[in-house]
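In: pasting the sequence and the predicted coordinates here, then a few questions.
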Amino acid sequence: MASVVADDQTIEKSLQKLVGLLRVAGAQMADGLVIKCIAGRLSIEAPAVRYGRPLIRLPPDCFIPLSAFSLVLTGNEIVSSTAQAGLTKPVIAIAEAMFEIYNLTGKVAHHRRTSPWSLIIAHPDLLSYVAPPSREDFPFSAKDVRSGNKVKVMLASFLHSRLFAHRRSERAPSIPVLLPITDFFDHHWKGERYSYDGRRAVIMRRSTPLPGKGDECFARYGLHDAYDSWMTYGFVDEDVPFVQSVATTMELPGVGTIRLDNPSAPDESSIRRILSKKGNHLVTTAVMIPGPDAPGALRRTLRRLIDKLTGRHGRDLVICAERQIIDTNLTYYAELKSCLECLSVESAAHSAIRANFVRLCEGQVTRLRNYLSYAER
């Protein structure tokens, strides 16, 4: 039977209530699953469950469709003002239990103290480097930041960091939902991926135990590099070895151009998606600059892209494209770091966020330089 361990009695009761509601709605949890909350930090442990075994199965009746609720911030608490007609009482009860847990554990207050968006909204000049992605699933825009709409930006960025893009079928459009309990898994690039069963229930399995992490279980939210994790989830990932390239255009002398656009979502595949091809100009999704475990991956990708453009590829063209990608990324992170260091930051919270932002930039530069050292091996 799943158990709850918390250092606060009120939080413990709220977590137990959520577990009860989910069971009634059809959720299944492994014996030995431990839902833990210490000092406001929620986590999942499974000391007695073997790697790869299912920890939790959530049927769609347990999902919380975010668009069905009108949510507002009152101070640092999330309040649901109205729920869309047609929602079942169990779904509303599950949603209210989740919002209660967020409030009791101070999640929004923590988000304000640690999220890069808290700093960016106070210093809109940063938008020239870190504008919100122009995609449908991102819940606020650069206009919201420039207008100083702190309440919207903080609530939207908090909820976005916790959403799951659910598809009712393989071909259906995604719907942003919250996944109770599985929301408490922290991200690690070696964690377990979310999966579906035949009834579109979400399954999370026991991840491989990680050194220094005890019995904690981790999810892999997606193919996120350290920048993605920082901008979306507000933590600097020291462990991830690869870098997703920023958008750039590679000029290939005598051949044409290849434009790398930022993807609409992190792509788990190493095969880049061709967005368009007109004459000697090709546009594709962004590439990953790999870690030492796959040093030749970038050059293989570039060979395929150049072949798509020209029908041929030579080493000189691959190296030319690679150098432009690395130089563009090094320049981007150097300029972003310089911009951050020039900010006039007054609050202790913003000072801490800036320090982490700078550390993120330094880590990305180190990864890029390390790539140059092992790509030639």
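Out: Done, it's in.

In: mind listing the strands for the stretch 251-377 of the chain?
Out: For the stretch 251-377 of the chain, the strands defined by DSSP state E, counting those that start in this stretch cover 256-261, 274-278, 281-285, 288-289.

In: okay if I get those strands as TSV plus mean neighbour count, distance to A247 and mean pLDDT?
Out: (C-beta placed from N, C-alpha, C; glycine too.) Shown next, in TSV, are the strands of the stretch 251-377 of the chain (neighbours: other CB atoms under 10 Å; distance: least, CB to CB, whole Å; pLDDT from 0 to 100):
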stretch	mean neighbour count	distance to A247	mean pLDDT
strand 256-261	19	6	92
strand 274-278	12	12	81
strand 281-285	18	10	90
strand 288-289	22	14	94
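
In: how about those, which one is nearest N370?
Out: strand 288-289 (9.8 Å; CB to CB).

In: just checking: what are the partner strands of that closest one?
Out: Partner strands for strand 288-289, per DSSP bridges, with pairing direction: strand 243-244 (antiparallel).

In: which residues are contacting the partner strand?
Out: The contact list for strand 243-244 (CB atoms under 8 Å, 6 or more residues apart in numbering) reads 223, 225-228, 266, 286-289, 329, 364, 367-368, 371.

In: quick revisit: reformat the strands of the stretch 251-377 of the chain as CSV; add distance to C339.
Out: Listed next are the strands of the stretch 251-377 of the chain as CSV, based on distance: least, CB to CB, whole Å:
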stretch, distance to C339
strand 256-261, 22
strand 274-278, 29
strand 281-285, 26
strand 288-289, 22
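
In: what's the closest of those to F184?
Out: Using CB to CB, the strands of the stretch 251-377 of the chain put strand 288-289 closest to F184, at 28.2 Å.

In: remind me which residues of the stretch 201-350 of the chain are low pLDDT?
Out: 262-272, 313 (pLDDT under 70).

In: re earlier: show me the contacts of strand 243-244 that map onto helices.
Out: A226, Y227, D228, N329, Q364, R367, L368, Y371 (DSSP state H).

In: ok, back up a step: looking at the strands of the stretch 251-377 of the chain, which is nearest to T248?
Out: Nearest to T248, of all those, is strand 256-261, at 5.4 Å by CB to CB.

In: re earlier: now the two most distant members of the ones in helices among the contacts of strand 243-244.
Out: Among these, the pair separated by the greatest distance (CB to CB) is D228 and Y371, at 17.3 Å.

In: looking at these two, which is more packed in?
Out: Applying other CB atoms under 10 Å to D228 and Y371 shows that Y371 carries more neighbours, namely 22 against 18.
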